[in-house]
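Colleague: can't give you the sequence, but here's the structure:
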Ligand SMILES: *Cc1c(COP(=O)(O)O)cnc(C)c1O
């Protein structure tokens, strides 16, 4: 526990998940980060207060501006993403809004890829246009679709990979070339991949955003978001957050740190079970199609192998009928029926009833989301128990 972190060899992700953000020597030897449950921090004298406010001296004044526990958790997320800096937000949606806002003003264009999270879709369709930002939708998720959609006014390209619920993979290297060509920022929602499986910043993204509610925290007990990137960009994001106020409190930041300590262990299990369940589903005659980038017949398999080092716990599949799909959902015992992904508990749903409930049925079908589609978020239970549970539910549907 001694020596400056910079003097150590580069640490691997499991180690960073446990150690980043901790400094026991500064905190009475505490092995966890102290929870600084304090709104205000007092200075020794007026000169110190002035120096802290002016940024000439490291210190704390008020928890909306900066809090030591939140800072520790931010360091851990940044370490996982190998980013210079991270800003935590009150939710994934607040992180997305907070990442986009500093780079757009009225009259600017944002180009968005079509397959994105429902909340983000709503934000881009309603809030940004009301602020005078022109949102342009690419026709598909290929870099060529995005290149065809950009304009001289495009300041931000917004993408999500892998996508939900069809688990498509977006080519971030190609997309970052398009962004660089016009001097736009590439902002990527990397929630479903998470840093163990993919690192968008290393592939050319300017900022990566997370619903840390999902894999990073992993325990289903917190709504929280993160934005990571170079300090020059996160500085602007933080400045805006300090006045818009969508901050994280110390206790939530501490819970996130605790969740992240087991992040790499959990992610390995999500990856192993995700692959095994996808292969089990692919071998069944009552399953007509499986969507998982780890399967060789997935349309983005080759790209996923280049860009990702694991394929995660989101698996979607189509049953032979809508009634069979519903029976499988209702008859599983270990899978909770509900939305969200990335937690320790497995979940199951028909996207038409959860993430895409508000999308009209016809539009849903045009997006490739049929009534026969079932989506599962594979938790960290025993792989064989999960497969046996799916098997008995499928037999009940026959
Ligand atoms: C859940 C989710 C969000 C929204 O995050 P919240 O923490 O619920 O606000 C954004 N993007 C993706 C891909 C998500 O899965």
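Modeller: Done, it's in. Computed from a predicted model, the values in this text were never measured in an experiment. Numbering: from 1, shown residues only.
Colleague: Run a quick neighbour tally on whichever residue of the stretch 151-300 of the chain sits closest to the ligand.
Modeller: In the stretch 151-300 of the chain, no residue comes nearer to the ligand than residue 211, which is 3.0 Å away by CB to the nearest ligand atom. Where C-beta positions appear, they are placed from N, C-alpha and C, glycine not excepted. Using other CB atoms under 10 Å, residue 211 has 30 other residues around it.
Colleague: Which helix runs longest in the protein?
Modeller: Counting by DSSP state H, the longest helix found in the chain is helix 263-282.
Colleague: Now for the one residue in the chain that gets nearest to the ligand: which residues touch it?
Modeller: Residue nearest to the ligand within the chain: residue 92 (2.2 Å; CB to the nearest ligand atom). By CB atoms under 8 Å, 6 or more residues apart in numbering, the contact list for residue 92 reads 119, 191, 209-214, 223-225.
Colleague: one more time with 10 Å, if that's ok
Modeller: 117, 119-120, 189, 191, 209-214, 223-226 (CB atoms under 10 Å, 6 or more residues apart in numbering).
Colleague: Just grab the bridge partners of the spatially closest residue to residue 154 that is not a sequence neighbour for me.
Modeller: Spatial nearest neighbour of residue 154, excluding adjacent residues (CB to CB, 6 or more residues apart in numbering): residue 109 at 4.5 Å. When bridges are called by DSSP bridges, residue 109 pairs up with residue 134, residue 154.
Colleague: Next one: residue 109, what pLDDT does it get?
Modeller: pLDDT recorded at residue 109 is 98.
Colleague: again, but for residue 1
Modeller: Note on residue 1: pLDDT of 47.
Colleague: what does the stretch 51-200 of the chain put close to the ligand?
Modeller: 91-93, 117, 119-120, 160, 164, 189, 191-192 (CB under 6 Å from any ligand atom).
Colleague: Take these and keep only those in strands.
Modeller: 160, 189 (DSSP state E).
Colleague: What about the residues of the stretch 51-200 of the chain next to the ligand, which are in helices?
Modeller: Per DSSP H, helices hold the following members of these: 92-93, 119-120.
Colleague: Show the low-confidence segments of the stretch 151-300 of the chain, by residue range.
Modeller: Within the stretch 151-300 of the chain, no range satisfies pLDDT under 70.
Colleague: And the helices in it, which stretches?
Modeller: In the stretch 151-300 of the chain, helices defined by DSSP state H, counting those that start in this stretch lie at 172-182, 231-244, 250-261, 263-282, listed in chain order.
Colleague: Next, format these as TSV and append mean neighbour count.
Modeller: Shown next, in TSV, are the helices of the stretch 151-300 of the chain (neighbours: other CB atoms under 10 Å):
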stretch	mean neighbour count
helix 172-182	19
helix 231-244	16
helix 250-261	22
helix 263-282	20
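Colleague: mind putting the ones you listed in JSON lines, distance to residue 125 included?
Modeller: Shown next, in JSON lines, are the helices of the stretch 151-300 of the chain (distance: least, CB to CB, whole Å):
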{"stretch": "helix 172-182", "distance to residue 125": "21"}
{"stretch": "helix 231-244", "distance to residue 125": "21"}
{"stretch": "helix 250-261", "distance to residue 125": "29"}
{"stretch": "helix 263-282", "distance to residue 125": "31"}
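Colleague: which residue sits closest to the residue nearest the centre of the chain, ignoring its sequence neighbours?
Modeller: Centroid check for the chain by CA atoms, centre = their mean gives residue 191 as the closest residue, at 1.6 Å. Excluding the flanking residues, the one nearest residue 191 by CB to CB, 6+ apart is residue 211, at 4.6 Å.
Colleague: show me what contacts the one you found?
Modeller: Applying CB under 10 Å, 6+ apart to residue 211 gives the contacts 89, 91-96, 117, 119-120, 189-192, 194, 217, 223-226, 340-342.
Colleague: Residue 136 should be in a strand, yeah?
Modeller: Yes. Counting by DSSP: H, G, I helix; E, B strand; the rest coil, residue 136 is found in a strand.
Colleague: and it, how many neighbours?
Modeller: Residue 136 sits with 15 neighbouring residues when counted by other CB under 10 Å.
Colleague: Next one: it relative to residue 175, how far apart?
Modeller: For residue 136, the distance to residue 175 equals 15 Å [CB to CB, to the nearest Å].
Colleague: Up against the ligand, what does the stretch 201-350 of the chain have?
Modeller: Within the stretch 201-350 of the chain, the residues that sit near the ligand (CB under 6 Å from any ligand atom) are 211, 213-214, 223, 225, 341.
Colleague: Would you map out the domains in this protein?
Modeller: The chain breaks down by automatic domain parsing into domains covering 13-260, 263-397.
Colleague: any weak-confidence spans in the stretch 1-150 of the chain?
Modeller: Residues of the stretch 1-150 of the chain that meet the criterion pLDDT under 70 lie in 1-9.
Colleague: repeat that for 50
Modeller: Counting by pLDDT under 50, the stretch 1-150 of the chain contains low-confidence ranges at 1-3.
Colleague: quick one: the strands in it?
Modeller: Secondary structure of the stretch 1-150 of the chain by DSSP state E, counting those that start in this stretch: the strands cover 85-89, 109-112, 134-137.
Colleague: Each with direction, which strands does the first one pair with?
Modeller: Read that as strand 85-89. Strand 85-89 pairs in its sheet with strand 225-229 (antiparallel), by DSSP bridges.
Colleague: Could you identify the buried members of the residues of the stretch 51-200 of the chain next to the ligand?
Modeller: The neighbour-count test (16 or more other CB atoms under 10 Å) marks 91-93, 117, 120, 160, 164, 189, 191-192 as buried among those.
Colleague: Out of these, which comes closest to residue 254?
Modeller: Closest to residue 254 out of those is residue 91 (17.1 Å), distances taken as CB to CB.
Colleague: ok, the closest one touching residue 217?
Modeller: No. Contact between residue 91 and residue 217 fails when scored by CB atoms under 10 Å: they sit 11.7 Å apart.
Colleague: Now do the shared contacts for those two.
Modeller: Joint contacts of residue 91 and residue 217 (CB under 10 Å, 6+ apart) are 211, 223-224.
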